[in-house]
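Colleague: need a structure here:
(one chain, ligands or ions: 2)
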Amino acid sequence: MARESSLITIIGEDGYARIRQTKCLLVGAGGIGSELLKDLILMEFGEIHIVDLDTIDLSNLNRQFLFRQRDIKQPKSTTAVKAVQSFSNSKLVPYQGNIMDTTQFPLHWFKQFNIIFNALDNLAARRYVNKISQFLSLPLLESGTAGFDGYIQPIFPQKTECFDCTKKETPKTFPVCTIRSTPSQPIHCIVWAKNFLFNQLFTDEDNKSDDEENKEWGTTDETEIKRIKQETNELKSLQKIILDKDFDRIPYILQKLFIDDIAKLLLIENLWKNRVKPLLLDESIIKNNCHDAKEKISSNKVWDINYIIQNFVAATKKLSQRMEREGSHIEFDKDDEDTLMFVAMAANIRAYIFHIPMKSVFDIKQIAGNIIPAIATTNAIIAGLSAITSLRVLNLLDKFASLNDVTKLNMAFTAMASNMTTNRYLSNPQVAPPNCKCPVCVQVVRGVVQTSEKLNASTTLKDLISLLKTKYGYQENDDVSILDIKDQRLLFDFDFDDLNDQTLEDLKFINGTIILLSDDSDNDLIKKPVELYFNINNNVDKIVLPDLHIPVIEQKIPQDNNEENEVLTVAENGEIDQDVYIIDGDESVSTVDNNDKKRPREKEDLEEIIQIAKAPKTS
Ligand SMILES: Nc1ncnc2c1ncn2[C@@H]1O[C@H](COP(=O)(O)OP(=O)(O)OP(=O)(O)O)[C@@H](O)[C@H]1O
Ligand SMILES: [Zn+2]
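Modeller: Ligands and ions are numbered 1, 2, ... in the order given. Alright, predicted model coming up:
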């Protein structure tokens, strides 16, 4: 009972009673998730539902303290629950599954929760849960760590910034020309070896990407682009050596990559006006080192070029022996010794001839595998902050500071994560209001379409378009487009109506399909795009409905961030008094155009977000 009385001291009898009634969802039972589960149990939340798709790996044990050696290969969620059961007063419900799987976790399943905690490790899942929180107006506590860095962000849909209100860093890419012709840093050589050379030699045709149209060349020099394309074609002859296990010709691979191709590169004088020219690899270095290495040097050391060539030859032999067994296709994996060694050696030879510092195999493994060490302490701090902030989000600390205005909530960043140069480890800036340009929470309105398998089988796309147009106040001739968000599939626009006669069943509308209806008309009163989640509920058939159950959605003008923000009030029960965005009842149609007097909609804004929404997905 000591735990209970300590909690009552902090949140009061009433707060304690409320937390015992609170149902939370924890997504992820990894580094942050293990810590959070323990924290939420100690805070005596009524119910904690925990979702993780993965099983336990040896490498998790150093920081995911709920797991032991004997748990390897067991599901994380159920194992975590077993580990904490004995000291838990909360009802714990584990699920092994992908939170983005709409069959296991349909939208209405999320409705049971009062709050969601994200403890994830990837953008796609974070974005998805953020969107669900927007669909259902559920508060979300987002968190993440990278090494000694970390952050937490409380999100109140429509009231504070969402996860996508700020641009997220995507993995850095380099122009083709830098990688293929003018490398100047070790990373350029590693990317060349891993993403270009390795793929050309060890993957099958189907997996080679040759999308010349979309390449960012980094040069407009036609001769240079032609040379790069030709060089790629010529690598086919090298792949033949690998496939034929023609070991006597491995020296030719070195000759072609590090002498012949470099000689051709040197002929393009433009490239070398302001750069140091690369060296051709000395033929005698190749000749003298085509044998297996006699000694073994630590992988923490930077090796000398002779030893590097010996290991290049050995790795190439091993991989070509594996090719037949593995269906002429090997993927690079930092933990696969042969693939790592090939990439590390090729990268180092390239660095050597371009006068770039070479790196140890250990360092190359970190860079090629994008590894940032996970630090247990950072996870513990961030999980603790997430748990404590949830008390504010749920307004359980009203004894000390009542949450009348949710924008008074604080985020937390480590100093490095926020680029702040103070001596403080943590900064706690206040959350910002939604970014008026955010394509997820401001520039889109959303709702849930209630349908059933039977209705999907009898409704054509054309019927759907007509229903949506009527419901959202479009004229019959207004141009709209419809996109399936999941795979960025265009279903309809003004010059594409091929799918119109197909039914929603033919078009594979399933539970959780999300479509984006955009106004493509030229008129000034352009409407915000509408994002619609399809909820398949076979009981809908029992409701007498002529058609799909299309939600009423109120279109509102986004407030500019520098306009004064409206003050939000939090009701006694902790619920926020807010304007309704999603109404999935069948009230009468009341779509309000967004030609607001305060801030006329700019067409460019919309075009920008539609483009964002239509842009090809990056991982
Ligand atoms: N879509 C998803 N649905 C459910 N769980 C997910 C999803 N994506 C990631 N996860 C889980 O989130 C957790 C994130 O934890 P963490 O960052 O510690 O990663 P990890 O895989 O355990 O460790 P590391 O990546 O550092 O080796 C993982 O357990 C992972 O399985
Ligand atoms: Zn947003």
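Colleague: Assign Ser86 to helix, strand or coil.
Modeller: Secondary structure for Ser86, judged by DSSP: H, G, I helix; E, B strand; the rest coil, is helix.
Colleague: For it, list the residues it contacts.
Modeller: With Cβ atoms under 8 Å, 6 or more residues apart in numbering as the criterion, no residue contacts Ser86. Glycine gets a C-beta too; all of them are placed from N, C-alpha and C.
Colleague: That one and ligand 2: what is the separation?
Modeller: Taking Cβ to the ion, to the nearest Å as the measure, Ser86 falls 41 Å from ligand 2.
Colleague: any idea how far Arg68 is from that residue?
Modeller: As judged by Cβ to Cβ, to the nearest Å, Ser86 and Arg68 stand 15 Å apart.
Colleague: just Ser518 next, same as before
Modeller: Ser518 is 52 Å from Arg68, by Cβ to Cβ.
Colleague: Compare those two (neighbour count), which wins?
Modeller: Neighbours per residue, other Cβ atoms under 10 Å: of Ser518 and Arg68, the larger number sits with Ser518, 24 against 12.
Colleague: Just to be sure, the more buried one is in a helix?
Modeller: No. The assignment for Ser518 (three-state DSSP) gives strand, which keeps it out of a helix.
Colleague: and the chain, which of its residues are near ligand 1?
Modeller: Within reach of ligand 1 by Cβ under 6 Å from any ligand atom, the chain has these residues: 27-31, 33, 51-54, 59-60, 76, 98-100, 120-122, 125, 374.
Colleague: Quick check: Phe492 is in a strand.
Modeller: Yes. Under three-state DSSP, Phe492 falls within a strand.
Colleague: Now do the same contact list for the residue of the stretch 101-250 of the chain found nearest ligand 1.
Modeller: Residue of the stretch 101-250 of the chain nearest ligand 1, by Cβ to the nearest ligand atom: Asp121 (3.2 Å). Residues in contact with Asp121 (Cβ under 8 Å, 6+ apart) are Gly28, Gly30, Gly31, Gly144.
Colleague: which of these has the most neighbours?
Modeller: Most crowded among the contacts of Asp121, counting by other Cβ under 10 Å, is Gly28 at 28 neighbours.
Colleague: For that residue, which non-adjacent residue is spatially closest?
Modeller: Closest residue to Gly28 apart from its sequence neighbours, by Cβ to Cβ, 6 or more residues apart in numbering: Ala119 at 3.6 Å.
Colleague: now the helices for the stretch 101-250 of the chain?
Modeller: Secondary structure of the stretch 101-250 of the chain (DSSP state H, counting those that start in this stretch): helices located at 107-110, 123-136, 176-180, 186-191, 199-202, 222-243, 250-255.
Colleague: and those, which one is worst for confidence?
Modeller: For these, the weakest mean pLDDT is recorded on helix 222-243, namely a mean of 81.
Colleague: Packing partners of it?
Modeller: Contacting helix 222-243 under the criterion 3 or more Cβ pairs under 8 Å, 6 or more residues apart in numbering; DSSP states H and E are the following elements: helix 176-180, helix 199-202, helix 250-255, helix 261-266, helix 305-325.
Colleague: for the ones you listed, which one sits closest to Ile388?
Modeller: Among the helices and strands packed on helix 222-243, helix 176-180 comes nearest to Ile388, with 45.4 Å by Cβ to Cβ.
Colleague: And the strands in the stretch 1-150 of the chain?
Modeller: 23-27, 47-52, 91-96, 115-118, 140-146, 149-155 (DSSP state E, counting those that start in this stretch).
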